[in-house]
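1. Whatever this is, show me its structure:
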Amino acid sequence: MKFHICLPFLLLLSQLITSNREPVLPEEEQVTGQPNIVVILADDMGYSDLGCYGSEIATPHLDKLAAGGVRFTQFYNAARCCPTRASLLTGLYPHQVGMGGMVHQMGESRPAGPYQGYLTPDSCLTIAEALKPVGYRSYMSGKWHVGEDPQHWPLQRGFDRYRGLISGASSYFELIRHQPRIRVMALDSSRWTPPCEDFYMTDATTDFAVEQLQNHRRQYAEQPFFLYVAYTAPHWPLHALPEDIARYEGRYEIGWDSLQRERHERQQGLGLFEEALPLPERTKTIPAWEEVEEKDHWVRRMQVYAAMVDRMDQGVGRIVETLRDNGQFENTIILFLSDNGACAEEISGRRLHNPEAIIGEPGSYAAYREPWALAGNTPFRYYKSWVHEGGNATPFIVHWPAGNLPKGEIIRRPAHIIDLMPTFLELAGASYPDTFREKATKPLEGESLLPYLQGETLAERTLYWEHFGKAAMRQSEWKIVRVDDQPWELYHLGRDRNEISNLADRHPERVRKMSKAYEEWAQRVGVR
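-> Here you go, the predicted model:
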């Protein structure tokens, strides 16, 4: 796939010539040339965890971006942290760039290939590397998680500045530096240790992002920028600030069954789905709320989780405010999504939780677990690491004033995180792979989202997933899903988006053809 777009491109031109265009902007916000690009990635956030997707959690800043831009209802990630980040950065499927499984540990030796655990250095480009030749400076704040050894860190992959968590999950109040969860943070290309007091990971991620926006405005105002903000929130451990926790006091005493129904009703009121979707039944591992003992314990988990999402939204508000203050808001495209669905994991086996500590405070180390995760993924089944819709469907917001997007529109066409790289290349007027032919040895797997944003009708998509034995393929409205060696399931997502009615027995020939196409893809990208 190859892109080369002359700038200023048609979206801006059409905005300038329309008779009902917005009043002329102040001189400092005149829209010229290449847009700035901001990608904000949440970690382990459920499909219904934003107000604009049905949540009761206060997310006014993201809701405002949705109201002024577009929301996708069928946008897909790669079902887990590391694979999603690999696809976001490269426009390729995770296996093609060495991230078919989880990231390797620092100093670990694995065979090179689809499961090596770090981004392949010599056969793929990151967004930062691809945008550099057309004048962009690139900044990153937050969770990297696609290469633990220093030679695989962000500045070695095209970024100009970085501060954040190289590793996976860590305490939000400190850096864990003892077994079994040794974590690493970095500032640019050196290890970095956060301060011992007044540190909170979500705020630190926002702080560095804001700092880079301000520095860029002072030093490189004539250049466009790419900013990648990768929050760890609301990934476990459940850690939040007291004032945010207090905001949700008593809210979750209704339990997960009622919360799921509440969110479902809001989703229908918002018009997210063209038809009312029935809610999936609780699994056998989830009790009815009325049967639960120690309810206060469970209420606290969800209360802290909500506070974590709330704080992240506050950070988004600070980033938006900085863009406005800098006169960069109009020509900045902001994209928000999550790396996978809600997380049902139980993490007590990690033995990092102090039983004397209150969940949410320093010393605690807990997750909110499957019952709340089911509500978080309303109206879908399953969770993070699954390739059913509950694992790989994400909220996706795109906001870009200069792009003349239809405000508040809901886009129901399927799209995938592999589409971000080609979208940004088209926005920037960059050519791929001509500039880096020696590194970009694989053609991009995604396609630009700009036609979607302009309301064009595109050809039907075929998309694929595999993660630790869980496999799926979507072709038009049909989706096959398989878990390990179990038979393929078949769903018609146009009529059954939450995958309740398995149609495999009724359409064996369709299953056969789709599974054959899946196996060809799996062999091509290196699924083992």
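
2. Residue 264 is in what secondary structure piece?
-> helix 255-270 (DSSP states H and E).

3. and if you look at residue 73?
-> strand 70-76.

4. pLDDT on that strand, on average?
-> Over the span of strand 70-76, the pLDDT mean works out to 97.

5. Could the C-alpha coordinates of whichever helix or strand comes after it be exported in CSV?
-> Next helix or strand after strand 70-76 toward the C-terminus (DSSP H and E): helix 81-90. This file holds the C-alpha atoms of helix 81-90, laid out as CSV (Å, rounded to 0.1, in the frame of the first residue of the first chain):
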residue,chain,number,x,y,z
CYS,A,81,-1.8,-4.5,25.5
CYS,A,82,1.4,-5.5,23.6
PRO,A,83,-0.2,-6.6,20.3
THR,A,84,-2.4,-3.6,20.1
ARG,A,85,0.5,-1.2,20.7
ALA,A,86,2.5,-3.0,18.0
SER,A,87,-0.2,-2.6,15.4
LEU,A,88,-0.9,1.0,16.4
LEU,A,89,2.7,2.0,15.9
THR,A,90,3.3,0.1,12.6
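
6. now helix 81-90 and strand 70-76, what's the angle there?
-> Interaxial angle of helix 81-90 relative to strand 70-76 (axes from the mean of the first three to the mean of the last three CA atoms, to 10 degrees): 120 degrees.

7. Next up, the contacts around residue 166.
-> Counting by CB atoms under 8 Å, 6 or more residues apart in numbering, residue 166 makes contact with 144-145, 147-148, 153, 183-186. (C-beta placed from N, C-alpha, C; glycine too.)

8. Could you confirm residue 52 falls within a helix?
-> Yes. Assessed with DSSP: H, G, I helix; E, B strand; the rest coil, residue 52 lies in a helix.

9. who does the strand holding residue 73 touch, helix- and strand-wise?
-> Where contact means 3 or more CB pairs under 8 Å, 6 or more residues apart in numbering; DSSP states H and E, strand 70-76 is packed against strand 393-399, strand 409-411, strand 415-416.

10. Toward the C-terminus, what is the element adjacent to the shortest one?
-> In this case it means strand 415-416. helix 420-428.

11. Okay, and which of the contacts of residue 166 map to strands?
-> Here DSSP state E is the test, and the contacts of residue 166 give 185-186 as lying in strands.

12. Can I get the contacts of residue 166 in TSV including pLDDT and neighbour count?
-> Formatted as TSV, the contacts of residue 166 follow (pLDDT from 0 to 100; neighbours: other CB atoms under 10 Å):
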residue	pLDDT	neighbour count
144	98	28
145	97	24
147	95	27
148	93	21
153	97	22
183	91	16
184	94	20
185	96	20
186	97	19
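
13. Who are the packing partners of the longest helix that the chain contains?
-> Ranked by residue count under DSSP state H, the longest helix found in the chain is helix 295-325. With contacts taken as 3+ CB pairs under 8 Å, 6+ apart, helix 295-325 sits against strand 36-42, helix 60-68, helix 201-219, helix 242-246, helix 255-270, strand 332-338, helix 369-376.

14. out of these, nearest to residue 469?
-> Evaluated with CB to CB, those place helix 369-376 nearest to residue 469, the distance being 19.4 Å.

15. can I see the domain layout of this protein?
-> 10-19+37-434, 460-528 (automatic domain parsing).

16. chain center to the first one: distance?
-> Relative to its chain's centre, domain 10-19+37-434 lies at 4 Å (CA atoms, centre = their mean, to the nearest Å).

17. i'd like the first residue to be 87 from this point on
-> Yes, from this point I'll number from 87; that puts the last item at domain 96-105+123-520.

18. Give me the number of neighbouring residues for the nearest residue to residue 190 once chain neighbours are set aside.
-> For residue 190, ignoring the flanking residues on the chain, the nearest one in space by CB to CB, 6 or more residues apart in numbering is residue 203 at 3.0 Å. Neighbours of residue 203 under the rule other CB atoms under 10 Å: 20.

19. For residue 203, give its distance to residue 321.
-> 19 Å (CB to CB, to the nearest Å).

20. returning to what we had before: in TSV: the helices and strands packed on helix 381-411, plus distance to residue 396 and mean neighbour count.
-> Compiled in TSV, these are given as follows (distance: least, CB to CB, whole Å; neighbours: other CB atoms under 10 Å):
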stretch	distance to residue 396	mean neighbour count
strand 122-128	12	24
helix 146-154	10	19
helix 287-305	10	19
helix 328-332	5	15
helix 341-356	16	18
strand 418-424	15	24
helix 455-462	14	25
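
21. where does this structure have its least confident helix or strand?
-> helix 96-103 (a mean of 36; mean pLDDT, DSSP states H and E).

22. What's the local residue count around the closest residue to residue 601 other than its chain neighbours?
-> Leaving aside its chain neighbours, residue 601 sits nearest to residue 574 (5.5 Å; criterion: CB to CB, 6+ apart). For residue 574, the count of nearby residues is 19 (other CB under 10 Å).

23. swap in residue 195?
-> Residue 195, neighbours per other CB under 10 Å, totals 7.

24. Find the helix or strand that residue 313 is a member of.
-> strand 311-316.

25. can you give me the angle that strand makes with strand 122-128?
-> Going by the same axes, to 10 degrees, strand 311-316 makes 0 degrees with strand 122-128.

26. which strands and helices sit next to strand 311-316?
-> strand 122-128, helix 213-217, strand 223-228, helix 287-305.

27. looking at the ones you listed, which is closest to residue 532?
-> That would be helix 213-217 among the helices and strands packed on strand 311-316, by CB to CB, at 11.8 Å.

28. picking up where we left off before, TSV please, covering the helices and strands packed on strand 311-316 and showing distance to residue 581 and mean pLDDT.
-> Output for the helices and strands packed on strand 311-316, formatted as TSV (distance: least, CB to CB, whole Å; pLDDT from 0 to 100):
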stretch	distance to residue 581	mean pLDDT
strand 122-128	29	98
helix 213-217	36	96
strand 223-228	38	98
helix 287-305	39	98
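
29. Redo the ones you listed as TSV? Include distance to residue 586.
-> Formatted as TSV, those follow (distance: least, CB to CB, whole Å):
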stretch	distance to residue 586
strand 122-128	27
helix 213-217	37
strand 223-228	36
helix 287-305	35
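
30. So which of the ones you listed is nearest residue 580?
-> Proximity to residue 580 (CB to CB) singles out strand 122-128 among the helices and strands packed on strand 311-316, at 27.5 Å.

31. Please name the residues that touch the closest residue to residue 371 other than its chain neighbours.
-> Excluding the flanking residues, the one nearest residue 371 by CB to CB, 6+ apart is residue 456, at 6.1 Å. Counting by CB under 8 Å, 6+ apart, residue 456 touches 369, 371-372, 430, 432, 469.

32. For the buried ones among the residues you listed, write the corresponding ChimeraX selection.
-> To isolate the buried members of the contacts of residue 456 in ChimeraX, using 16 or more other CB atoms under 10 Å:
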select :372,430,469
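
33. just the contacts of residue 456: which has the poorest pLDDT?
-> Lowest pLDDT among these: residue 369, 90.

34. separation between that one and residue 403?
-> 36 Å.

35. and what of residue 166?
-> Taking CB to CB, one finds residue 166 at 28 Å from residue 403.

36. Also residue 247?
-> From residue 247 to residue 403 the distance is 22 Å (CB to CB).

37. give the contact list for the residue nearest the centre of the chain.
-> With distances taken as CA atoms, centre = their mean, residue 424 lies nearest the centre of the chain, 2.6 Å away. By CB under 8 Å, 6+ apart, the residues touching residue 424 are 127-132, 135, 163, 480-481.
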